[in-house]
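Engineer: got a predicted model here, sequence first, then my questions.
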Amino acid sequence: MQRWADAFGDDHEITWYEDQFSGRTMDRPAWNRLISDAKRGKLSRIVVWRLDRLGRTANGLTALFDELPKLKVGLVSIKDGLDLETPAGRLMANVLASVAQYETEVRAERVRAGQLKAKRQGKTWGGSQPGRLLFLSSDQVETIQHLHLQGKPKAAIARACGVSRPTVYRILRQYDPS
């Protein structure tokens, strides 16, 4: 994305919109800011890496494809190689929106089938019992403290140490040097 902006930004102001939400919904904080800015005329073009980064529902994406030309906002998908300002680009965008929704639905079916199979085999998931106290090695405690002092996010610390976020918070409270 940065390379595209450097090559084609044409001295336009570039604003980055990044969400950490699922693309299965079009109601996401950064997305809402982007579409609001587009409606206020602050954007001339939206550039995405791939169309499925915008959303994974055909309805949401096709509504967007209809709305953007009315707002005089172009859409470029770098990886998909399309531009909504051309008839071929609009056709491909709608096809790719359908494919993105299809992939999401197939993935959901596989997850449901895997969960059903696991239930039939008596497997359970969902974490430990509430109130269960985990004992950590001194290395894990040191790593949690070290990563915290480096300013790492609690979720990243939890993943790195193989524990839950509440465990990270508990350790940081428990071993707080102050």
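Structural biologist: Received it, and whenever you're ready, just let me know what you need. Numbers count the residues shown, from 1 in each chain.
Engineer: where does pLDDT dip in the chain?
Structural biologist: 20-26, 56, 126-134, 177-178 (pLDDT under 70).
Engineer: give me the neighbour count for the residue nearest to residue 50 when sequence neighbours are not counted.
Structural biologist: Excluding the flanking residues, the one nearest residue 50 by Cβ to Cβ, 6 or more residues apart in numbering is residue 79, at 4.4 Å. Using the backbone N, CA and C atoms, a C-beta is placed for each residue, glycine as well. If you count neighbours by other Cβ atoms under 10 Å, residue 79 ends up with 11.
Engineer: next one: residue 98
Structural biologist: Around residue 98 there are 14 other residues, counting by other Cβ under 10 Å.
Engineer: wait, a helix at it?
Structural biologist: Yes: the assignment for residue 98 is a helix, going by DSSP: H, G, I helix; E, B strand; the rest coil.
Engineer: so how far is residue 74 from it?
Structural biologist: Going from residue 98 to residue 74 by Cβ to Cβ, to the nearest Å gives 21 Å.
Engineer: what does residue 95 give?
Structural biologist: 19 Å.
Engineer: repeat that for residue 63.
Structural biologist: 17 Å.
Engineer: can you list the domains in this protein?
Structural biologist: 2-103, 126-178 (automatic domain parsing).
Engineer: return the most buried member of the ones you listed.
Structural biologist: Highest mean neighbour count among these (mean count of other Cβ atoms under 10 Å): domain 2-103, with a mean of 15.
Engineer: pull the distance from it to the chain's centre.
Structural biologist: 14 Å (Cα atoms, centre = their mean, to the nearest Å).
Engineer: next up, the contacts around residue 157.
Structural biologist: Contact analysis of residue 157 by Cβ atoms under 8 Å, 6 or more residues apart in numbering lists 143, 144, 147, 148, 168.
Engineer: which of the residues you listed fall within helices?
Structural biologist: Of the contacts of residue 157, the ones assigned to helices by DSSP state H are 143, 144, 147, 148, 168.
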